[in-house]
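>>> Predicted model follows, preceded by the sequence.
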Amino acid sequence: MGHVVNHHRDYRLLSVLEKSPPVKALMAIEPLKSTFLNALVRGAGR
């Protein structure tokens, strides 16, 4: 069930970013990259 919630959250984030001005979107993407990469590393370590 957690994956479903994450997908909904990701979809909402992407839709907000698509509607944002490019500069704001770029600034918002950087922390998301770190979070995404950290999640990948944690998942690979299992």
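Received, thanks.

>>> What strand or helix carries P31?
Per DSSP states H and E, P31 falls inside helix 22-44.

>>> and that helix, which residues are buried?
Across helix 22-44, burial judged by 16 or more other Cβ atoms under 10 Å covers no residue at all. C-beta coordinates here come from the backbone N, C-alpha and C atoms, glycine included.

>>> Give me the residue at the spatial middle of the chain.
The chain has L32 as the residue nearest its centroid, 4.6 Å off, counting by Cα atoms, centre = their mean.

>>> can you pull the pLDDT of the residue lying closest to that one once chain neighbours are set aside?
Nearest residue to L32, sequence neighbours excluded (Cβ to Cβ, 6 or more residues apart in numbering): L13, at 7.1 Å. Here the pLDDT value assigned to L13 is 81.

>>> So, low pLDDT: which residues of this structure?
The chain contains residues with pLDDT under 70 at 1-5, 46.

>>> what do you get if the cut-off is 80, keeping everything else the same?
1-7, 14, 17-20, 22-34, 45-46 (pLDDT under 80).

>>> just to revisit the earlier point, off-centre distance for the helix holding P31?
Between the centre of helix 22-44 and the centre of its chain there are 6 Å (Cα atoms, centre = their mean, to the nearest Å).
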